[in-house]
Structures are given as C-alpha cells and as structure tokens.
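Engineer: sequence unavailable; structure follows:
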C-alpha cells in the first residue's frame, strides 16, 4: 500500500473516531439530563411533607362547621353551654370554595365541605369505611350529614314564598337530586303565577349554589321574578329572616333553641359533609374518633390517623 492510500485511511479512521466520541458525549449528556429530571421529580414528590396535619376549618357561624363539629363530637356542652373545641391551630376559611382551594394546594391538609360541592381537585375520605355519596347519605350509612333548611317569618308575603312551593314540588326536587343532594319531599306539583316579586335570600354558603340553580329554574316559569342571593353564612341568614332584612334565610344546620321559635322552617334537601384531603395524600379512610382528635388538636400527625 502506497503512502497516499495510507494517508486517506488514517483520515477515515480519525473521522470515525471523532464521530463515535461525539455520539457518546451526546448520549451521556442526554442520560445525565434524564437522570436529573427523574431526580427532580423524586425531590418534588418527597418535598410534600405529610407528617404534621394541617387543619382547615370553616368560620364560626358556618352551618357546615356547626353540623360537622356536632356530629364528630368537637362541639360539646358544658354547664348548659355549647363549646366548640376546634383547635386554635386551624386555618379558618370563610367559604366552601376557600376550603377546597386551600386543601388542593396543601398536601398535609384536611378540611370539610358540602358533599354537593365536591370536585376532582381534592379527595374525599371514607368515614368509618363508608364513602361520601348521596346514596350513602340517603341510606344513613354515611354519618356526617345535615339538612338544608329554609326559614322565613310566619305571615310572609305569598309571592315571596311562591319560590318555596316550586322548590318543594317534584320539579324543584329533581333539581335538588341533579345537583347531588338528597331530595326531601315528593308528590307536589307547581303552577306558575307570573310572580313579579323582588326578594332577598341570605345565608349558608353551602346552600347558595343549590339555591342559585333553583331560582334560575323558577325564573324560567316566572320571568318577572328577581332574587338577590347573599352567601352570608347560616347564622347570619337565620338572623336576616328573623329581623326581616331577608324574606328567606338559608341554613345548612338545625336551628338552635333560641332561633327556632322566631321563624318557620322547611327542609328542602339533605346533604353530606365530605372530609377532604389533598390528592397527594395516601389516606383513604378515617374514623369519627380520629376526626374529633384531629380537629380538636390532640392528633397532629398523619401517621396516627386511623
């Protein structure tokens, strides 16, 4: 072989070696990048601290809080007075949506909301092994449930109360069921009266979404009707009905002994209270006893939850 051919062969071998080295470097860089990405994902998952329980509560006066604390035993009677023992460490939220948002953003949190407001941004725990579903609320198997009450003054204007006739009709109760609540009455029919009343409805933030749907359907039958719906909380809604600043009050709890004699009350639906956690939380079930301990602050670690 002459020197010219040897020179060409050396050039070819050199190029092949260089290309192989570049390919190996690229693969090494890609593998390093992939490993870094995987490690980053692991770090992100590991950073979700699920040791300490972060308690999320509703505000005082909330019907959801009142029903939840009563059923779980967080609310106790001492010397004839009701005492709410919700831990002072709880982060208090003033609406259903605020509880959902807080829990969806905090892997270590736990809260409670209207079952009808449950969505896929959070996870509902079973309670005593029973799922929070309308069917289980209706059967009584799911224990954390409460009424949706409507209250109004005796002798209130008939036009103002015509909405109530619609809500309690089969047509109105179908809307209740469609919105994932439990219908309360049946067998009643409704006839529109071309109602031109303008009323105020105030109270529970849990009842409000259902009331908005009911009013919307009612207005299709009575186009002149107007309603100002104010989500002020159950206690405020009951008081508004008592003092006449609202024609209809909404409450997601039973009325207290001092409230009940001052207004008339109708139950329009029943609702479960869902116990919610972040979707990253591996917990699936919780006992009523553990809920009492969590929300009174005596159980503070997720590892203790049963």
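Structural biologist: Looks like it arrived, so ask away. Only a predicted model underlies this, so the values are computations on that prediction, with no experimental measurement involved.
Engineer: which segments of this protein make up each domain?
Structural biologist: The chain breaks down by automatic domain parsing into domains covering 54-145+276-304, 146-273.
Engineer: need these in a markdown table (columns: mean pLDDT).
Structural biologist: Shown next, in a markdown table, are those (pLDDT from 0 to 100):
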| stretch | mean pLDDT |
| --- | --- |
| domain 54-145+276-304 | 96 |
| domain 146-273 | 96 |
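Engineer: adding mean neighbour count, write the ones you listed out as CSV.
Structural biologist: Where you see a C-beta, it was placed from the backbone N, CA and C, and this is true even at glycine. What follows is the domains of the chain, written out as CSV (neighbours: other Cβ atoms under 10 Å):
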stretch, mean neighbour count
domain 54-145+276-304, 18
domain 146-273, 19
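Engineer: ok, residue 254 - contacts?
Structural biologist: Applying Cβ atoms under 8 Å, 6 or more residues apart in numbering to residue 254 gives the contacts 67, 146, 147, 149.
Engineer: tell me the secondary structure at it.
Structural biologist: Counting by DSSP: H, G, I helix; E, B strand; the rest coil, the backbone at residue 254 sits in coil.
Engineer: related to what we said a few turns ago, so of the contacts of residue 254, which ones are in strands?
Structural biologist: Applying DSSP state E to the contacts of residue 254, the entries found in strands are 146, 147, 149.
Engineer: hang on, the last one packs against residue 263?
Structural biologist: Okay, so that is residue 149. No - at 9.7 Å, residue 149 does not count as touching residue 263 under the criterion of Cβ atoms under 8 Å.
Engineer: shared neighbours, these two?
Structural biologist: residue 255.
Engineer: what's opposite residue 228 in the beta bridge?
Structural biologist: Residue 228 forms beta bridges with residue 200, as assigned by DSSP bridges.
Engineer: quick thing: my sequence starts at 10, can you match it?
Structural biologist: Yep, numbering from 10; the last one is residue 237 now.
Engineer: can you show me the helices along the protein?
Structural biologist: Here the chain has its helices, by DSSP state H, at 12-55, 72-81, 105-113, 143-148, 167-176, 179-187, 217-230, 243-252, 297-305.
Engineer: ok, back up a step: from the contacts of residue 263, which single one is nearest residue 285?
Structural biologist: Nearest to residue 285, judged by Cβ to Cβ, of the contacts of residue 263 is residue 76 at 15.3 Å.
Engineer: the closest one and residue 178, how far apart?
Structural biologist: Look at residue 76 and residue 178: by Cβ to Cβ, to the nearest Å, they are 26 Å apart.
Engineer: for residue 312, same thing?
Structural biologist: Distance check for residue 312 against residue 178: by Cβ to Cβ, it reads 51 Å.
Engineer: so residue 189 sits against residue 123, correct?
Structural biologist: No - using Cβ under 8 Å, residue 189 is not in contact with residue 123; the gap is 9.4 Å.
Engineer: residue 98 contacts residue 62, doesn't it?
Structural biologist: No - using Cβ under 8 Å, residue 98 is not in contact with residue 62, being 9.3 Å away.
Engineer: identify, from the ones in strands among the contacts of residue 263, the entry nearest to residue 308.
Structural biologist: Nearest to residue 308 among the ones in strands among the contacts of residue 263 is residue 155, at 23.6 Å by Cβ to Cβ.
Engineer: would JSON lines of the contacts of residue 263 with distance to residue 70 be doable?
Structural biologist: Formatted as JSON lines, those follow (distance: Cβ to Cβ, whole Å):
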{"residue": "76", "distance to residue 70": "12"}
{"residue": "155", "distance to residue 70": "15"}
{"residue": "156", "distance to residue 70": "17"}
{"residue": "158", "distance to residue 70": "15"}
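Engineer: once you drop chain neighbours, what's closest to residue 192?
Structural biologist: residue 182 (4.1 Å; Cβ to Cβ, 6 or more residues apart in numbering).
Engineer: list the residues that contact that neighbour.
Structural biologist: Residue 182 neighbours (Cβ under 8 Å, 6+ apart): 176, 192, 193, 194, 195, 278.
Engineer: closest to residue 219 among these?
Structural biologist: For the contacts of residue 182, the closest approach to residue 219 (Cβ to Cβ) belongs to residue 278, at 6.7 Å.
Engineer: the closest one pairs with what?
Structural biologist: Note on residue 278: beta-bridge partners by DSSP bridges are residue 157, residue 192.
Engineer: so who does it touch?
Structural biologist: With Cβ under 8 Å, 6+ apart, residue 278 has these contacts: 156, 157, 182, 185, 190, 191, 192, 193, 219.
Engineer: nearest to residue 264, of these?
Structural biologist: Nearest to residue 264, judged by Cβ to Cβ, of the contacts of residue 278 is residue 156 at 9.9 Å.
Engineer: skipping adjacent residues, who's closest to that closest one in space?
Structural biologist: residue 276 is the one closest to residue 156 (Cβ to Cβ, 6+ apart), at 4.6 Å.
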